[in-house]
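Student: below: sequence and its predicted model.
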Amino acid sequence: MSSTEAEKTTIGTSDLSHKYSGPEDTIEKGDPPKLLKENSPNFLSARTKMGTDYLSTVFEKKDKNKDKSSKNKDEKVDSSELLSLLGDIATDYHNQGHGAPPCSGGN
């Protein structure tokens, strides 16, 4: 049986999370900008046009528990925080489908 569109999207999002996360299932502070630049260039372009420096604040907004990596003591985002970020981007695209301007506030 082939996967539905919803299943493909969910699996793709999970695969994206795994691609950028380390063995602790976390992503280091410097990696969310890389992930977004590589996978959401249109989203970032819209943010830039609005004068919003999304990348400078995205990590701080999503790192709710301010945890550190045991390996190098750098700040990290756990998988649920990363998936929340991706969900915010999906919500923004959803709102655009209803006529909202890009980056009007997905969260």
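Tutor: Yep, it's here. Model, not experiment: these values are computed from the prediction.
Student: and the helix ranked longest in the chain, how far out from the chain middle?
Tutor: Criterion DSSP state H: the longest helix present in the chain is helix 79-96. Centre-to-centre, helix 79-96 and its host chain are 6 Å apart (Cα atoms, centre = their mean, to the nearest Å).
Student: ok, stretch 25-33 next?
Tutor: On Cα atoms, centre = their mean, the centre of stretch 25-33 falls 10 Å from that of its chain.
Student: endpoints of that stretch, how far apart?
Tutor: Using Cα to Cα, to the nearest Å, one end of stretch 25-33 lies 17 Å from the other.
Student: mind listing what's buried in it?
Tutor: If you call a residue buried by 16 or more other Cβ atoms under 10 Å, then stretch 25-33 has these buried ones: Thr26, Ile27, Glu28, Asp31, Pro32. (Glycine included, C-beta is placed from N, CA and C.)
Student: take these and write them to TSV, including distance to Glu38.
Tutor: Below are these laid out as TSV (distance: Cβ to Cβ, whole Å):
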residue	distance to Glu38
Thr26	18
Ile27	13
Glu28	15
Asp31	10
Pro32	11
